[in-house]
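Okay, sequence plus prediction incoming.
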Amino acid sequence: MSSRTREELQQVTVLFCGDSGDGMQLSGTQLSTTSAVYGNDVSTLPDYPPEIRAPAGSLAGVSAFQVHFAGHKIHTPGDNPDVLVAMNPASLRVNLPRLKPGGVVISDRDMFSERNLAKADYATNPLDDPALGSTYCLHPVPISSLTLKALEAVDLKHTAKRRCKNFFALGLVYWLYARPLEQSLAWISNKFAGHPLVAEANRRALQAGYHYGETSEAFAVQWSVPRAPVEAGSYRMINGNEAMALGLVTAARLAQKALVYSSYPITPASEVLHHLSRWKHLDVRSIQAEDEIAAMGSTIGAAYGGAFAVTGTSGPGVCLKSEAINLAIMLELPLVIFNVQRGGPSTGLPTKTEQADLLQALFGRNGESPIPVLAPDSPADCFAVAIEAFRIAVRHTTPVFILSEGYLANSSEPWRIPSLHDIPTIEVQHPVEARGFQPYSRDASTLARPWLLPGTPGMEYRMGGLEKHPGSGSVSYAPQDHEAMCRLRADKVQRVAAFLPEIEVNGPEQAALLVLGWGGSYGAVATAVQRTQDKGLAVAHVHLRHLNPFPSELGEILSRYDRVLIPELNDGQLALLIRARYLVDTVSFSKLQGQPFTITEIETRIEELLS
Amino acid sequence: MNTVPEDIKLTRKDFVSDQDVRWCPGCGNNAILAQMQKMLPELGVPREKIVMISGIGCSSRFPYYMNTYGVHSIHGRAPTLAMGLKCARPELQVWVITGDGDGLAIGGNHFSHALRRNVDINILLFNNQVYGLTKGQYSPTSPLGAKTQSSPDGSIENPVNTIGVAIGSEASFIARTVDVFQKHMSGVLKRAAEHRGAALVEIAQNCIIFNDGAWAHLSDPDKRLENVLYLEHGKPMRFGKKGEKGIRLNGFTPEVVEVAEVGEDQLLVHDERASEPTLAYFLSRMGPPHFPTPLGVFRAIDKPVYSELLMQQVRTAQAQRPPDLDALFRQGETWVVS
């Protein structure tokens, strides 16, 4: 013990990986919660295969969970990990290339059998490879057998004991970074309250891993990561999908409305349906529709009836919904559609992230079809965006698009739990004065039409997808009526801009370079800009939350910079919009790998442009 | 549902909207519209509580002509809007107006699922065996060989059996009537309105322009009694000018018999409440040339209703758990930074 050194680090990134059934997602979430409760800032990202259970030990079946914790504010799950916990050969092969040079490898030596090596295309055992040992800090630990040994006294079957090895690995990482065990011990007791033997086994495995780190001579250094300065308040970890679900139900409560959520199961949005279907006590009425079109149609029906109606899906689902979205635009009903974007086209990359549905949201329908579009910039931000989407939908009687991302949906960060009293209520009005009413009359400032509800005596009116006479809403094919209605619908959406907060510019008001981002790239862009600013480069950052309409001052802000760099997980869609709208010759930085930007990628691009 | 106070009796006129009806003169839709406007006041449901939702096609212009709430939606999707509306507002009476193309081709999926779920809506399917609004193409109910704009050499598609689809979808109420049978239609529509759950009424409707006479064997007063089997619950199945013919089951096959020869006790007795749809299925297969076409209620059973179950679950959850949003925010592990 005395020979051990203790060193302090400002931040650490750990990647747990193994076979789909190895419990790596659980190890990852435990480390993130423990670190968050300890006082670090935390950001996490799971990476799992689309198959429920790919063949055991195969490269396709590798499941991973990355945890980034730090003694300062962080915005991303970290670029390259400092530590790789690889529970089998396949996971080592898949994830080793991402490990930082000199990084720590902890591997379950017991799983490196000839058969498993073959499944991972290893001719020889990499753990015995001297080259690997000289590049990385290699720790082949017999995790499986040590776990079994630690659980000798527990009366459980062999297979049940083996399942505890993820807690052994976690315990070892806890020792390595001087993490307290209490949070996980309490979690185990609570989770397995009905299975005391399983609880006991997991507790022992966690402690055995920790003690192994303490007693094994192999680990010469124990690191610590100090607490981060964090705003006071109550916190929990939250991912984007749960934040979205909470935001939607909160919006409905703020208006004292029922929430109708209609959706067809699709990765990576289904989790929102799972959450909302459990919250009926808050008057959430969830519908699992027979297809994406039915989900959209029933959302329209519910909005027509006066509920807060929302549907959620991913890109391929939006394709199917688009005709019905246009009906909602024609009927001018307040409702929300969110798209948890994934890699496309077609089925594409169901579990991987992308931002390539921006133009689809803006233009992917027939005719002139304007719709407000918002994008959250972090997992927790999905909560605020969901509420804002409903605020806009109701104020302007329009469907509203939210572009979330697979990355935001699945990754987690600490969320400061809001107080309901701090969130302004959403005012909803349904006219009841029948005399002289017109279904398509307009609010003078927003151009919204009245949200008239069936059931109101004396207002029986008909409407549909056919073009209308402005005001009465009666069917009209008159040339001037069509033009007037097209312009009204467009103008109405443009007027949303008058209600948007002013753009925040992070950095100099005038400089050589502006980095303009949107959506989930916020963390990587903000950190990269901060780092390059710290190096003395003249660069600023603007992140767009409102993609349609753009904030009014955007054009003027863009004109103050020599160049505008637009990093996007698509082939330059925002860049196309900015060029078209503002005649700014943008520099597009496009990535199409199903993975979020790393900080380094953006940092390097900024430096290249300014060198 | 609220009922209209006794002193304010609604009349047919209250359900007529200010829009000019633009169907072709002589179109069967006009007769259906007239019957609906006549029948609805009898229900005692206030006008504002009634919503007509349609898809696309000639039939789907229907809501514009009814002075109720109405939505003329998109092709085939009316049942989905109706379902969403019922989930938001279970107290409204919701009618879906559709046709053979809208309901069985482009909207076949929703048609089937609305019936399966037993959403408390009434679906009126106007079956004229042709696409009218797009000017005369064959539809999913057009017979094999039908010569139309898009099948000049005769349709090579086997038609779908509307009643059979409804049975296969486990519908709890299935009926059929004919556009020009005013009294019969009025009775069937009323039964549909009063049914708890999804009600399907197939209305044999004549398209005077593109498929005139498709239902002549039913509507022609001279042939009617020979070709129609009026279904009455608990009654033996008899038809013909003097009810001289009947339907008997021979093994697993229905057959037409002379009642005088076999005796009435040999005839099948209609049971619309049978828990199994076997009899309804036999009936759904009957029609020309060897059988009369059954009209009336094929099936009317009690089944759990989607929109009611949904609200029951909501009420149960509300009784068991306070509507505490803050508690939801704090689910899972939380910590305090001071």
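Structure's in. What do you need?

what about the residue nearest to A:His430 when sequence neighbours are not counted, helix or strand, and which?
In space, and not counting its chain neighbours, A:His430 is closest to A:Leu453: 4.9 Å by C-beta to C-beta, 6 or more residues apart in numbering or on different chains. Where C-beta positions appear, they are placed from N, C-alpha and C, glycine not excepted. In the assignment (DSSP states H and E), A:Leu453 maps to no helix and no strand.

in the stretch 1-150 of chain A, which ranges drop under the pLDDT threshold?
Residue ranges of the stretch 1-150 of chain A with pLDDT under 70: A:1-3.

Run through the residues of it sitting next to chain B.
Residues of the stretch 1-150 of chain A that fall close to chain B, judged by C-beta under 8 Å from any C-beta of the partner chain: A:Thr33, A:Ala36, A:Val37, A:Gly39.

from these, which is closest to chain B?
A:Val37 (4.4 Å; C-beta to the nearest C-beta).

Quick check: phi and psi at that closest one.
Geometry field for A:Val37 lists phi and psi as phi -70, psi -40, criterion degrees, to the nearest 10.

Just confirm it contacts B:Val337, I think it does.
No. With contact defined as C-beta atoms under 8 Å, A:Val37 does not reach B:Val337; the gap is 9.7 Å.

check contacts around the nearest residue to A:Gly367 once chain neighbours are set aside.
Closest residue to A:Gly367 apart from its sequence neighbours, by C-beta to C-beta, 6+ apart: A:Asn326 at 6.9 Å. Contacts of A:Asn326 were listed using C-beta atoms under 8 Å, 6 or more residues apart in numbering or on different chains, and they are A:Arg365, A:Asn366, A:Gly367, A:Ser369, A:Gly465.

Of those residues - the most surrounded one?
A:Gly465 (21 neighbours; other C-beta atoms under 10 Å in any protein chain shown).

and that one, how far is that from chain B?
6 Å (C-beta to the nearest C-beta, to the nearest Å).

Equivalent analysis for A:Leu331, please.
Distance from A:Leu331 to chain B, by C-beta to the nearest C-beta: 7 Å.

okay, that residue: pLDDT?
On pLDDT, A:Leu331 comes in at 98.

give me the number of residues near it?
Other residues lying near A:Leu331 total 24 when counted by other C-beta under 10 Å.

surely it meets A:Tyr304?
Yes. The criterion here is C-beta under 8 Å, and A:Leu331 meets it with A:Tyr304 at 7.1 Å.

Common neighbours of these two, please.
B:Val71.

which SSE is A:Leu488 in?
Here A:Leu488 is assigned to helix A:479-494, by DSSP H and E.

Not counting that helix itself, show me its contacts.
A:329, A:332, A:367-368, A:370-372, A:396, A:398, A:442, A:446-448, A:467-470, A:476, A:548-549.

From those, list the buried ones, please.
Buried residues within the contacts of helix A:479-494, counting neighbours by 16 or more other C-beta atoms under 10 Å in any protein chain shown: A:329, A:332, A:370-372, A:396, A:398, A:442, A:446-448, A:467-470, A:476, A:548-549.

Of those, which belong to strands?
Among those, DSSP state E puts A:Asn548 in strands.

Among the buried ones among the contacts of helix A:479-494, which lie within helices?
Judged by DSSP state H, the buried ones among the contacts of helix A:479-494 include A:Ile329, A:His396 as members of helices.

rewinding a little: pLDDT wise, what is the residue nearest to A:His430 at?
98.

Same question for B:Val337.
89.

and it, what does it touch?
Applying C-beta under 8 Å, 6+ apart, we find B:Val337 in contact with A:Gly39, A:Val230, A:Glu231, A:Ala232, A:Gly233, A:Tyr235.

Spit out the contact partners of the fifth one.
Taking C-beta under 8 Å, 6+ apart, we find A:Gly233 in contact with A:Arg416, A:Ile417, B:Val336, B:Val337.

Please pick the buried ones from those.
Of those, these count as buried by 16+ other C-beta under 10 Å: A:Ile417, B:Val337.

what's the closest of the contacts of A:Gly233 to A:Val515?
Of all those, A:Val515 sits closest to A:Arg416, with 26.4 Å by C-beta to C-beta.
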